[in-house]
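Below: sequence and its predicted model.
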Amino acid sequence: MKLMENVIGYHNVSKEVENVVRSGPSSTSVDEFLQCLNSIESAIKYFEANNPQSVELENLVSLQKSNQRENIIKKRSLLSHSHDNSQYDSVSLQI
């Protein structure tokens, strides 16, 4: 029974975390946001191993990529706004 609950849980991850992830870490606590990202990663690993053709896997990967794009945009914005400050001249984005 516990195994079935885990499987069902993986199928619900994208629906459960989508709003938090799309809103970004400023919408909730950092811990909750990171927990959502960890849930996505765990679900992706599950589907890659057990059902790589799953639509749910595609949804999770899309959500993960969306979060990564948002982080890149935010980092670039922060760097461009602080460009006048010489201490940030040598900072580079790493993904």
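Sure thing, it's come through. Numbering: from 1, shown residues only.

In the chain, mark out all the helices, start to finish.
2-23, 30-50, 55-81 (DSSP state H).

would TSV of those with mean pLDDT and mean neighbour count be doable?
All C-beta atoms are positioned from the backbone trio N, CA, C, and that covers glycine. Below are those laid out as TSV (pLDDT from 0 to 100; neighbours: other Cβ atoms under 10 Å):
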stretch	mean pLDDT	mean neighbour count
helix 2-23	87	14
helix 30-50	94	15
helix 55-81	85	14
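
Just read off the phi/psi values of P52.
phi -70, psi -10 (degrees, to the nearest 10).

What score does it have for pLDDT?
At P52, the pLDDT value in this model is 96.

what about E48, distance to E41?
Look at E48 and E41: by Cβ to Cβ, to the nearest Å, they are 11 Å apart.

One more: N51?
In terms of Cβ to Cβ, N51 sits 16 Å off from E41.

go on, D31?
For D31 relative to E41 (Cβ to Cβ), the value is 16 Å.

One more: I8?
Look at I8 and E41: by Cβ to Cβ, they are 18 Å apart.

and what of E58?
In terms of Cβ to Cβ, E58 sits 15 Å off from E41.

Same question for N50.
For N50, the distance to E41 - Cβ to Cβ - is 15 Å.
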